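Asks: quick one: sequence plus predicted model below, questions after.
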Amino acid sequence: MRRFRLCTLNKFSPRFFLLAIANRDLLAQLIADSAHLPASIIYDPGLLLLCVPHQWFVALGIAKGQRIPVQRTILDSDTIEEKVKKLASMTQRLEQEVSAATSAATAAPEADAAQSTKRPLEDSSAATDATTEASAEDSVKKARFDDSATRGGKKKWERRDRRGTGRSDEREAASEPSGSSGDRLPKRKVAVKFGYCGIGYSGLQINPGVKTIEGDIFDAFCTAGAVSKDNAVNPNKVGLQRAARTDRGVHAAGNLLSLKLILQPDGLQEGETLVDKVNSLLPEFIRIWGVTRVQNGFNARQSCDSRMYEYLLPTYVFIPPKPGSTMHEMLKRLRDEELAKLKESNPDADSTSLDEVIAHPFWSAHGTEHDFATDVAAKKKYRLSDTELERIRTIFAKFSGSHNFHNFTVGKEFRDRSCQRFMKTLTISPTKVIGDCEWVSIKLHGQSFMLHQIRKMVGLLVLVGRSGAGMGLVDECFGPARVHIPKAPGLGLLLEQPIFEAYNRRIGNNNDKLTRLMKKSDNPGLQDELREGVGYKDHEDQMTKFKQAWIYDRITATEADTAEFAKWLNYLDVFQGPDFEYLNPKGVIPAKAIVKVGEFHRDASKHAKKDGDQQDQDQNQDDDDEDKEAYAMKGNQLDEYEG
């Protein structure tokens, strides 16, 4: 059993009293649960110090220049929660003892002076007191976010010494009387429902040095006063968690954060809500839908039962590879091999399942001598037939149910049990023309998703759909053979919403019990225990308008400007190497298509050869950068990412 000791330093200034904590874990927990302490605190994790403002002792009636008889206590416990309770209990006893001593001193000052256990500090001049005060202030370090400190171009969390390096506003904030217990505003555990367009952002989660959605939202809450100055230095101090951690460029109509907020901060105008205030501080493409009080045990990620995603895909991606490209030549060879086998049993055989792919009507009508821009313009006029759409739906349906998706993420092996994921429902909408391009909406409802999983699922769907490969290939990819499945662009992916069915059922049952108790009891405190369920039904109209204006329209506009999907197809078509040999009519994975663990892909080409070369190289480099970044992550970090 580990031992935790609470002791004191033999220094007391007119402003601060320093408490030394003997264990770093206990200090961290006390900081996180600072509500158990009687006043706001300044702390330094490096020195294991808590610095309690003088206002606390003034409130207890302790005169300036008196030593405080703080007890030495050994805290033995198996849980941090019990340690915190013991500390709170000890602090309460100390308050009572000091208050009693102060009352006695007021009634009989002479007797109290003779009997008091409080020993006066050594006499010193006012100048000495001022020097001691300055020394105590300078010895306290505060965890800050250093805008100037960088490592490899990225900002980092670090502790800044306030001796000559801190800012004047930090010094004032450390000593301002608003930190007293009487002025502190209560924090409440809440679920924050929000939506965003991810274009131009490096993902959702706060990452010092880069622009993130969470960073903008947290800054807005701090500016609105919903997060105190002490907690604004680190989002972990308010227990920030997210339901789904989306990757770079991915959007969300509905996502959710859980954290502790001040729900009625100073500065709100009459009739203005916290949601109104925060939205006024955010860009229009990031919106807060609502803030819901939740139980203290609620965790945005762990309480989430399932997630719903949508992927917008232009239908021209199902046009077969351009004649003359590397992939087209590979498919021609596979067609010839299939025809040779057919002739062994039937000498009169003259057609195969790949004939239409090799000589597709689109390329026959358009021609193959045009440049990249001309090809893209023609592709956008392509329309998917009902027969082709039905085939695409049949392929996609093979992802339904529980499967091992180790081939649809990075850094995972077949034997890793975390790769087993359950897809509840999968649908593909009818086609819809937006501008001059035809699109389909792919909906995915699953218990959970891994990093790049949805993008790789769409990637395999496109590969099989445009190459004429056997549908059994999807089932093969759930097996132990490791293959290279390219990621579809992140542009088309958005999180519809996370779902909290189990939590809402528990809340409903708890509210029923509380309602029955309220009928039998006059206890007004029971009303405050009632909680709302977590959902998006009340925000559907807002979310629909937001999706159209800031997600759908921006996806289609970005594709029109940058031809992102066309560049991705070019990257696939000029890829050199055996990785895509699994795109054969039988849908089996040959030995030469299997890649080793840790390999991203085995593209043998270093320089592209046709129009769109630079785009192909850029797409290749983007994939490499994302994969290398993912492989550098630890397992628990990978598990948090989705999409």
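Replies: Alright, I've got the coordinates. Given the structure is predicted, the values throughout are model-derived calculations rather than measurements. Residues are numbered from 1 along each chain as shown.

Asks: dihedrals phi and psi, residue 291?
Replies: Residue 291 adopts backbone torsions of phi -120, psi 120, taken as degrees, to the nearest 10.

Asks: so how many other residues sit close to it?
Replies: If you count neighbours by other Cβ atoms under 10 Å, residue 291 ends up with 21. Heads up, the C-betas are built off the backbone N, CA and C, glycines and all.

Asks: cool, residue 222 as well?
Replies: 18.

Asks: assign it to helix, strand or coil.
Replies: Assigned by DSSP: H, G, I helix; E, B strand; the rest coil, the conformation of residue 222 is helix.

Asks: could you find the closest non-adjacent residue to it?
Replies: Spatial nearest neighbour of residue 222, excluding adjacent residues (Cβ to Cβ, 6 or more residues apart in numbering): residue 232 at 4.2 Å.

Asks: and the one you found, how far from residue 457?
Replies: 39 Å (Cβ to Cβ, to the nearest Å).

Asks: more neighbours, these two?
Replies: Counted by other Cβ under 10 Å, residue 232 and residue 457 do not tie: residue 457 has more neighbours, with 28 against 20.

Asks: helix or strand for that one, which one?
Replies: helix 453-467 (DSSP states H and E).

Asks: pLDDT of that helix, averaged?
Replies: Average pLDDT, helix 453-467: 97.

Asks: by contact count, what packs against the very next helix or strand once past it?
Replies: Sequence-wise, the next helix or strand downstream of helix 453-467 (DSSP H and E) is helix 472-477. Helix 472-477 is packed against helix 453-467, with contacts defined by 3 or more Cβ pairs under 8 Å, 6 or more residues apart in numbering; DSSP states H and E.

Asks: repeat that with 10 Å
Replies: Applying 3 or more Cβ pairs under 10 Å, 6 or more residues apart in numbering; DSSP states H and E, we find helix 472-477 packed against helix 386-397, strand 401-404, helix 453-467.

Asks: residue contacts, residue 218?
Replies: Counting by Cβ atoms under 10 Å, 6 or more residues apart in numbering, residue 218 makes contact with 206, 212, 226, 227, 232, 234, 235, 238, 240, 257, 259.

Asks: most neighbours, which of those?
Replies: Neighbour-wise, these (other Cβ under 10 Å) top out at residue 226, 28 neighbours.

Asks: okay, and the beta partners of the residue lying closest to it once chain neighbours are set aside?
Replies: In space, and not counting its chain neighbours, residue 226 is closest to residue 261: 4.4 Å by Cβ to Cβ, 6+ apart. Beta-bridge pairing of residue 261 under DSSP bridges involves residue 188.

Asks: touching, residue 261 and residue 221? I think so.
Replies: Yes: Residue 261 lies in contact with residue 221 (Cβ atoms under 10 Å); the separation is 6.5 Å.

Asks: quickly list what's touching both of the two.
Replies: If you check residue 261 and residue 221 against Cβ under 10 Å, 6+ apart, the residues they both contact are 192, 227, 231, 238, 274, 278, 291.

Asks: which among the residues you listed gets closest to residue 395?
Replies: Of all the shared contacts of residue 261 and residue 221, residue 192 has the smallest distance to residue 395: 37.9 Å, by Cβ to Cβ.

Asks: which parts of the helix or strand harbouring that closest one are buried?
Replies: Residue 192 belongs to strand 188-196 when assigned by DSSP H and E. For strand 188-196, the neighbour count (16 or more other Cβ atoms under 10 Å) marks 189, 190, 191, 192, 193, 194, 195, 196 as buried.

Asks: any figure for the gap between the fifth one and residue 596?
Replies: Think residue 193. 43 Å.

Asks: also the fourth one?
Replies: The gap separating residue 192 from residue 596 is 43 Å, by Cβ to Cβ.

Asks: residue 305: which of the helices and strands packed on helix 472-477 is closest?
Replies: strand 401-404 (15.4 Å).

Asks: now for that closest one, which elements pack on it?
Replies: Against strand 401-404 (3+ Cβ pairs under 10 Å, 6+ apart) you get strand 420-428, helix 472-477.

Asks: each with direction, which strands does that strand pair with?
Replies: Strand 401-404 is paired, per DSSP bridges, with strand 420-428 (antiparallel).

Asks: tell me the helix or strand right after the partner strand.
Replies: Past strand 420-428, the next helix or strand by DSSP H and E is strand 432-434.

Asks: for that next one, buried residues please.
Replies: So for strand 432-434, counting by 16+ other Cβ under 10 Å, buried means residue 434.

Asks: show the average pLDDT along that strand.
Replies: For strand 432-434, the per-residue pLDDT averages 96.

Asks: which other residues reach it?
Replies: Here strand 432-434 makes contact (Cβ under 10 Å, 6+ apart) with 312, 314-315, 380-381, 383, 438-441, 552-553, 555-557, 559-560.

Asks: low pLDDT regions in the chain?
Replies: 1-183, 597-643 (pLDDT under 70).

Asks: okay, now the domains of the chain?
Replies: 3-143, 185-304, 312-326+360-496+546-638 (automatic domain parsing).

Asks: one step back: which of the helices and strands packed on strand 401-404 sits closest to residue 566?
Replies: Taking Cβ to Cβ, strand 420-428 is the member of the helices and strands packed on strand 401-404 nearest to residue 566, at 20.7 Å.

Asks: buried set for the closest one?
Replies: For strand 420-428, by 16+ other Cβ under 10 Å, it's 421, 423, 426, 428.

Asks: any idea how far the residue nearest to residue 222 is from residue 259?
Replies: 12 Å.

Asks: for the two, list the residues in contact with both.
Replies: 218, 221, 226, 238.

Asks: how much space separates the last one from residue 548?
Replies: Spatial separation of residue 238 from residue 548 under the definition Cβ to Cβ is 33 Å.

Asks: helices of the stretch 451-600 of the chain, start to end?
Replies: Along the stretch 451-600 of the chain, counting by DSSP state H, counting those that start in this stretch, helices occupy 453-467, 472-477, 501-520, 540-546, 553-562, 564-573.

Asks: the second one: which residues count as buried?
Replies: What that stands for is helix 472-477. Buried, per 16+ other Cβ under 10 Å, within helix 472-477: 473, 474, 476, 477.

Asks: so what touches it?
Replies: Taking Cβ under 10 Å, 6+ apart as the rule, helix 472-477 contacts 395-399, 403-408, 456-457, 460-461, 463-464, 467, 470, 483, 485, 582-584, 586-589.

Asks: which among those residues count as buried?
Replies: Buried among the contacts of helix 472-477 by 16+ other Cβ under 10 Å: 395-396, 398-399, 403-408, 456-457, 460-461, 463-464, 467, 470, 483, 485, 582-584, 587, 589.

Asks: how close does residue 227 sit to residue 235?
Replies: 8 Å.

Asks: list the residues that contact the nearest residue to residue 391 once chain neighbours are set aside.
Replies: Spatially, and ignoring its direct neighbours in sequence, residue 391 is nearest to residue 465 (7.1 Å; Cβ to Cβ, 6+ apart). Shown in contact with residue 465 (Cβ under 10 Å, 6+ apart): 315, 317-320, 384, 388-389, 391-392, 395-396, 471.

Asks: ok, back up a step: need the helices and strands packed on strand 401-404 in a markdown table with distance to residue 525, can you?
Replies: Converted to a markdown table, the helices and strands packed on strand 401-404 look like this (distance: least, Cβ to Cβ, whole Å):
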| stretch | distance to residue 525 |
| --- | --- |
| strand 420-428 | 40 |
| helix 472-477 | 56 |
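
Asks: of these, which approaches residue 573 most closely?
Replies: Proximity to residue 573 (Cβ to Cβ) singles out helix 472-477 among these, at 18.5 Å.

Asks: still on that earlier bit, can you say which two of the shared contacts of residue 261 and residue 221 are spatially most distant?
Replies: Maximum pairwise distance among the shared contacts of residue 261 and residue 221 (Cβ to Cβ): 16.6 Å, between 231 and 291.
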